[in-house]
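In: here is a sequence together with a model predicted from it:
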Amino acid sequence: MRNVMRSFRLSLLFPILAVFTCLAQTPVEQVIAEALKPSALDNNLERLTDRIGGRVPGTPAMEKAVQWGIEVFKVAGADGVHTESFSIPASWAEGATSMTIVAPEQFKVRAISLAWAPALAPQRHVPIIDVGEGNAEDFAKAGSVAGAIVLVHSEEMHTWADLFGEYMRVPVTIDLAVKGKAIAIALQSTRPHDLLYRHSNSPEGGIDRLPGIQVAREDAARISRLLASGQKLYADISVPNRVGGATTTSNVIAELRGRQDEKPDEYVVLGAHLDSWELGTGALDNGCNAALVVDALRAIQASGQRPRRSIRFILFSGEEQGLVGSHAYVTAHRSEMDKVAAMVVLDAGIGKVTGFSLGGRKDVLDAVNELATPLKQFDAANMTTDATYGTDNFDFLLEGVPTLMANQVEENYLINYHAMSDTFDKVDLARLKQHVAEAAAITFAIADAPQRVGPRLTHDQIAQTLSETHLDDQMKGFGVWDDWATGKRGRQK
Ligand SMILES: [Zn+2]
């Protein structure tokens, strides 16, 4: 009897305790608790990747992905969802790329076109010239490359630095190949085991200057060994890319309005790109983080908490063609950039988030650190003040808006980056769930803070940040410096 009474009392006590625990939780903790609950996250990602597949702007798959975005945002409880379309200068699709070594031996080479590279009509018996790593010295050593295919070696890629190195090196090599009147460039894949991936060098979605292919690592090594042995090699090559005029695509934008009595006209952006390359299904890059953005909206809405400021959840298109979608958004919304309190973005697959890169903003470090305290339980509160070119926070940064780009450990991202192997099975769904909690928490915290984490920088302050962080060098390497220097891009003086 007494035991029965005790358990009766306990059973009464539990709901009361639960209510108290809930009341004791801060709004951010409630957002985290909601984020960690089961949701449509896995199913949304499975639909986006396995069913819709790779999503290149201008293709039916990208259109379906935009419809997916509208639908899942609505189901997640957005106050409003709309699309904003913009144009990419050229459309592009690969045809049946082929390259065969025809003399002295015959073998087929595993190769694909570089993305947004021009087509190359079938050519027979083209000499191949090894230009080592493709720098000026290498070209000088190689002699004339006129009318040849230039073969460019690479190291295997293991780190973010390796990847950035690849993007910085290739445009220089292309310049030299164009100058030397080569007919095409052949880049050795940086991944072993015949793995091929999309590589694009054209900033802002224009067509590149020279036809180019990527050759499987092993085949490139074989060709290089044969050349080193003193043989002359000739290839038949055809790169029948379909290149078209400008194409239209759309960003998908959902909103949760801030509290009416507070600052609903100010807002924080949580974004990720929805487009992807099409060799795989764009799961790590960046389907998982597109699904995360949707689930973060769901979690905040379900928590019943309204932040002081509004939050815009944006799925960008055209990222892979050179951040075209986020650039278009910032350009279209330039008049309201003063009202953007911060921009948060994730674009590195499922590698563990360690914290956020603050785009060179030392001035926001203390405020962000304080707001990120709840992320310590996930070991995701380590902020860095570096700045990199590479994803959709870039144009916000150039407008002086504080940006937070997730710093993520490489893990399985780099080997599968833009590759045939970037598929749903690579996504650690439990980890993704945790990242939803982290992204929702920091976004909500910034949106709900009484004070903004920092001001919008002036043109001169931005210029100083670019120089301090050496982002200016990266911008030169990626071919986007002139846009800033001429005032075409970024905050005006
Ligand atoms: Zn990406």
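Out: On my side now, so go ahead.
In: what residues does the residue nearest the centre of the chain make contact with?
Out: Taking Cα atoms, centre = their mean, the centroid of the chain lies closest to residue 347, which sits 4.1 Å from it. Residues in contact with residue 347 (Cβ atoms under 8 Å, 6 or more residues apart in numbering) are 272, 273, 285, 286, 289, 319, 390, 391, 392, 405, 406. Backbone N, C-alpha and C define where each C-beta goes, glycine included.
In: quick check: the last one touching residue 346?
Out: Yes: the criterion here is Cβ atoms under 8 Å, and residue 406 meets it with residue 346 at 4.3 Å.
In: overlap in contacts, these two.
Out: Listed contacts common to residue 406 and residue 346 are 353, 435, 439; contacts here mean Cβ under 8 Å, 6+ apart.
In: among those residues, which ones are in helices?
Out: 435, 439 (DSSP state H).
In: now the helices for the stretch 301-450 of the chain?
Out: Using DSSP state H, counting those that start in this stretch, the helices assigned to the stretch 301-450 of the chain run over residues 324-332, 365-371, 394-398, 413-416, 429-448.
In: most tightly surrounded among the ones you listed?
Out: Mean neighbours per residue, mean count of other Cβ atoms under 10 Å, is largest over these for helix 394-398, with a mean of 27.
In: which other helices and strands does that helix contact?
Out: helix 324-332, helix 459-468 (3 or more Cβ pairs under 8 Å, 6 or more residues apart in numbering; DSSP states H and E).
In: of those helices, which is nearest residue 139?
Out: Shortest distance between residue 139 and the helices and strands packed on helix 394-398, using Cβ to Cβ, is found for helix 459-468: 30.5 Å.
In: list of residues touching whichever helix or strand comes after the closest one?
Out: As assigned by DSSP states H and E, the chain's next helix or strand after helix 459-468 is helix 471-477. Contact partners of helix 471-477, identified using Cβ under 8 Å, 6+ apart, comprise 164, 167, 168, 171, 360, 387, 388, 389, 465, 466, 481, 484.
In: buried ones among those residues?
Out: Among the contacts of helix 471-477, those buried by neighbour count (16 or more other Cβ atoms under 10 Å) are 164, 167, 171, 360, 387, 388, 389, 465, 466, 481, 484.
In: spell out which residues of the protein are next to the ion.
Out: 285, 286, 347 (Cβ under 5 Å from the ion).
In: residue 286: what secondary structure?
Out: Here residue 286 takes the helix state, with states given by DSSP: H, G, I helix; E, B strand; the rest coil.
In: now swap in residue 83 and tell me
Out: With three-state DSSP as the criterion, residue 83 reads strand.
In: what is the neighbour count of it?
Out: 15 (other Cβ atoms under 10 Å).
In: shaky segments in this protein?
Out: 1-23 (pLDDT under 70).
In: so residue 90 is in contact with residue 241, correct?
Out: No: at 10.5 Å, residue 90 and residue 241 do not qualify as touching, with contact defined as Cβ under 8 Å.
In: mind putting the contacts of residue 347 into CSV with neighbour count?
Out: Compiled in CSV, the contacts of residue 347 are given as follows (neighbours: other Cβ atoms under 10 Å):
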residue, neighbour count
272, 27
273, 29
285, 26
286, 29
289, 30
319, 28
390, 17
391, 22
392, 30
405, 25
406, 26
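In: restricted to strands, list those.
Out: Those of those mapping onto strands are 272, 273, 405, 406, per DSSP state E.
In: from the residues you listed, which is closest to the ion?
Out: Of all the ones in strands among the contacts of residue 347, residue 273 has the smallest distance to the ion: 5.6 Å, by Cβ to the ion.
In: how much space between the closest residue to the closest one other than its chain neighbours and residue 204?
Out: Take residue 273 and drop its neighbours on the chain: the residue closest to it by Cβ to Cβ, 6 or more residues apart in numbering is residue 319, 3.5 Å away. Plainly put, residue 319 is 12 Å away from residue 204 if you go by Cβ to Cβ, to the nearest Å.
In: and residue 404, bridged to which residues?
Out: With DSSP bridges as the criterion, residue 404 is bridged to residue 344.
In: that one: neighbour count?
Out: By other Cβ under 10 Å, neighbour count at residue 404 equals 28.
In: thought it was touching residue 345?
Out: Yes: with contact defined as Cβ under 8 Å, residue 404 reaches residue 345; the gap is 7.3 Å.
In: need the residues touching each of these two.
Out: Applying Cβ under 8 Å, 6+ apart, one finds that residue 404 and residue 345 are jointly contacted by residue 393.
In: in the stretch 101-250 of the chain, which spans are strands?
Out: 107-109, 111-113, 120-130, 149-152, 184-188, 212-215, 234-239, 242-244, 247-256 (DSSP state E, counting those that start in this stretch).
In: phi, psi of residue 317?
Out: Per-residue torsions, residue 317: phi -110, psi 170 (degrees, to the nearest 10).
In: distance of it from the ion?
Out: 12 Å (Cβ to the ion, to the nearest Å).
In: and if you look at residue 34?
Out: Distance from residue 34 to the ion, counting by Cβ to the ion: 27 Å.
In: quick one: buried residues of the strand or helix carrying that residue?
Out: Per DSSP H and E: residue 34 is located in helix 27-35. For helix 27-35, burial by neighbour count (16+ other Cβ under 10 Å) applies to 27, 28, 29, 30, 31, 32, 33, 34, 35.
In: assign a three-state SS to residue 260, would you?
Out: Once three-state DSSP is applied, residue 260 turns out coil.
In: how near is it to residue 28?
Out: For residue 260, the distance to residue 28 - Cβ to Cβ - is 21 Å.
In: could you measure from residue 178 over to residue 145?
Out: According to Cβ to Cβ, residue 178 and residue 145 sit 10 Å apart.
In: what's stretch 368-380 in contact with?
Out: 26, 28-29, 32, 352-356, 358, 381, 383, 402, 404, 434, 437-438, 441-442, 445-446, 449, 453.
In: thinking again about what came up before, for the strands of the stretch 101-250 of the chain, which one sits closest to residue 493?
Out: Residue 493 lies closest to strand 247-256 among the strands of the stretch 101-250 of the chain, at 27.6 Å (Cβ to Cβ).
In: sheet partners, orientation included, of that closest one?
Out: With DSSP bridges as the test, strand 247-256 is paired with strand 80-88 (antiparallel), strand 309-316 (antiparallel).
In: in the stretch 1-150 of the chain, what residue comes closest to the ion?
Out: Closest point on the stretch 1-150 of the chain to the ion, by Cβ to the ion, is residue 55, at 11.5 Å.
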